[in-house]
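Undergrad: kindly return the folded structure for what I paste below:
(one chain, ligands or ions: 1)
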Amino acid sequence: MKKRLFTPGPTPVPENVMLSMAAPIIHHRNPEFVEILAQVHEDLQYLFRTTQPVVVMTCSGTGGMESAISSLFGPGDKVVTVNAGKFGERWGTLVRTFTGNCVETMVPWGEAISPERIVEVLREHPDARGVCLTHSETSTGTSADIQSLCAAIREASDALILVDGITAIGAHEFRFDEWGADICITGSQKGLMMPPGLALIAVSERAKDIIEGRKGHPQFYLSLKKALKSHAANDTPFTPAVTLIIGLAEALRMLREEGIENVWARHARLAAACRKGCEALGMKLFSSSPSFAVTPVWLPEGVDWKQFNKTLKADNGITVAAGQDDFAGRIFRISHLGYYDELDMLAVIGGLEFTLKSMGVPFEIGAGVTAVQKAFLEG
Ligand SMILES: *Cc1c(COP(=O)(O)O)cnc(C)c1O
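TA: Numbers count the residues shown, from 1 in each chain. I've put the predicted structure just below:
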């Protein structure tokens, strides 16, 4: 049976990217590798829409988040975070760990923070040094309007803007320079169509000045100061994941060939069709501001998550993601982030139909698949 992964990280890896990583290892100080890293640096700037450095770190996305917090802030620094799900919560945990002074703004799961609300928080906390946002909150499949949020924050305060773009980069329009973000992070195993293991971090001029001016704080491997210094020479401070960087070069080449605007449009199209397919099967959508990376759906009444998940895997070869925390066993999440196309959406909705039918859920067979096809045909 063919196995199909519909999880928002890890995501499927294209064959040519896998093949590029099967070549014999090369040394990271070898000019051949320096050239590859230089190309990766340039293509990452294209991806993030920036002329600022985007550094490659050998760690998962969370390592990138920790690197940003620990490189920019120290004990006592007040930082505002938005907790609208698991990953916004993680920003808060990191801030508490490194500064002990976190202003955590709670937002109900499935909703996004509004610019008005963040400005209100900043008015109450004019001494905030930073604001941490999540562009696409993967746990709730919800996207925030980062462009408006950045504009509102910039107008209201001098706080640095840190964006967790881990499932947004490559799925949602994002313009680092134009929108005025200071940090944006993604991970290799999300929209970049790669295995896990790399964090990519864009750093603004303003953030770079602060990082370079800081001294004597407890930080080593995840230091952005070290990473930025090496970046300027197309180098890395420590042995990088050479093989992954070679794969990343190929993945970025594919994204650039498709064109970033087309990549964003493809994700919007697949997400819209996925939502239509789910609704046509009588299922309710979870998010009021749906992400283009992942679609969270309420499990139909009476359907047991464990049995549903087991059947979907065993009979249809499909892996979807579970709900988290309060929503475990109540919602599930279908990813369309990265290496997916129209026929993949027909496959996942078709598989859902087989599984739900076998569990006695009432709907007309083919209704979901037809809705997906119509969504694509009608644009
Ligand atoms: C996956 C994810 C992370 C964590 O990344 P890891 O690579 O698992 O460390 C952080 N934020 C968001 C929004 C994510 O989707």
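Undergrad: surely residue 159 meets residue 153?
TA: Yes. Taking contact to mean C-beta atoms under 8 Å, the distance of 6.4 Å between residue 159 and residue 153 places them in contact. For every residue, glycine as well, the C-beta is placed using N, CA and C.
Undergrad: show me which of these two is the more surrounded one.
TA: Higher neighbour count among residue 159 and residue 153: residue 153, with 26 against 22, using other C-beta atoms under 10 Å.
Undergrad: now for residue 159 and residue 153: what residues contact both?
TA: 122, 131 (C-beta atoms under 8 Å, 6 or more residues apart in numbering).
Undergrad: which stretches in this structure count as helices?
TA: Under the criterion DSSP state H, the chain carries helices at the ranges 15-20, 31-48, 61-72, 86-98, 115-124, 146-156, 176-179, 205-213, 224-231, 242-258, 260-280, 305-316, 342-358, 367-378.
Undergrad: now the fourth one: mean pLDDT?
TA: Going back to what we said before, that points to helix 86-98. Per-residue pLDDT values over helix 86-98 give a mean of 98.
Undergrad: also the shortest one?
TA: Per-residue pLDDT values across helix 176-179 average out to 98.
Undergrad: just the residues contacting it, thanks.
TA: Where contact means C-beta under 8 Å, 6+ apart, the residues beyond helix 176-179 that reach it are 48-52, 146-147, 150-151, 184, 202, 204.
Undergrad: out of the residues you listed, which are buried?
TA: Buried residues within the contacts of helix 176-179, defined by neighbour count using 16 or more other C-beta atoms under 10 Å: 48-50, 52, 146-147, 150, 184, 202, 204.
Undergrad: for residue 326, which residues are in contact?
TA: Under the criterion of C-beta under 8 Å, 6+ apart, the contact partners of residue 326 comprise residue 109.
Undergrad: ok, back up a step: quick one: which of the helices of the chain is nearest residue 296?
TA: helix 260-280 (9.6 Å; C-beta to C-beta).
Undergrad: CA atoms of stretch 224-236 as CSV?
TA: This file holds the C-alpha atoms of stretch 224-236, laid out as CSV (Å, rounded to 0.1, in the frame of the first residue of the first chain):
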residue,chain,number,x,y,z
LEU,A,224,22.6,34.4,16.4
LYS,A,225,25.7,36.7,16.9
LYS,A,226,27.9,33.8,15.9
ALA,A,227,25.6,32.6,13.1
LEU,A,228,25.4,36.1,11.6
LYS,A,229,29.1,36.6,11.7
SER,A,230,29.6,33.3,9.8
HIS,A,231,26.7,34.0,7.5
ALA,A,232,28.6,37.0,6.1
ALA,A,233,31.3,34.6,4.8
ASN,A,234,28.8,31.9,3.6
ASP,A,235,30.0,29.8,6.5
THR,A,236,28.6,28.3,9.7
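Undergrad: can I get the buried ones among the contacts of helix 176-179 in CSV including pLDDT and distance to the ligand?
TA: As requested, the buried ones among the contacts of helix 176-179 are exported to CSV (pLDDT from 0 to 100; distance: C-beta to the nearest ligand atom, whole Å):
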residue, pLDDT, distance to the ligand
48, 98, 16
49, 98, 19
50, 98, 19
52, 98, 21
146, 98, 12
147, 98, 18
150, 98, 17
184, 99, 12
202, 99, 15
204, 98, 20
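Undergrad: still on that earlier bit, and which of the contacts of helix 176-179 is nearest residue 85?
TA: Checking these against residue 85 by C-beta to C-beta gives residue 146 as the nearest, at 15.2 Å.
Undergrad: residues touching the spatially most central residue of the chain, list them.
TA: Relative to the mean C-alpha position of the chain, the nearest C-alpha, by C-alpha atoms, centre = their mean, is the one of residue 167, at 1.5 Å. When contacts are counted by C-beta under 8 Å, 6+ apart, residue 167 touches 8-9, 135-136, 138, 190-191, 291, 293-294, 337.
Undergrad: how about 6 Å then?
TA: With contacts defined as C-beta atoms under 6 Å, 6 or more residues apart in numbering, the neighbours of residue 167 are 8, 136, 138, 190, 293, 337.
Undergrad: near the ligand, which of the residues you listed show up?
TA: 8, 138 (C-beta under 6 Å from any ligand atom).
Undergrad: who in the protein is up against the ligand?
TA: Counting by C-beta under 6 Å from any ligand atom, the positions of the chain adjacent to the ligand are 8-9, 60-62, 87, 134, 138, 164, 166-167, 187, 196.
Undergrad: pull out the buried members of those.
TA: Among those, those that count as buried by neighbour count (16+ other C-beta under 10 Å) are 8-9, 60-62, 87, 134, 138, 164, 166-167, 187, 196.
Undergrad: next, count neighbours for residue 162.
TA: When neighbours are defined as other C-beta under 10 Å, residue 162 has 29 of them.
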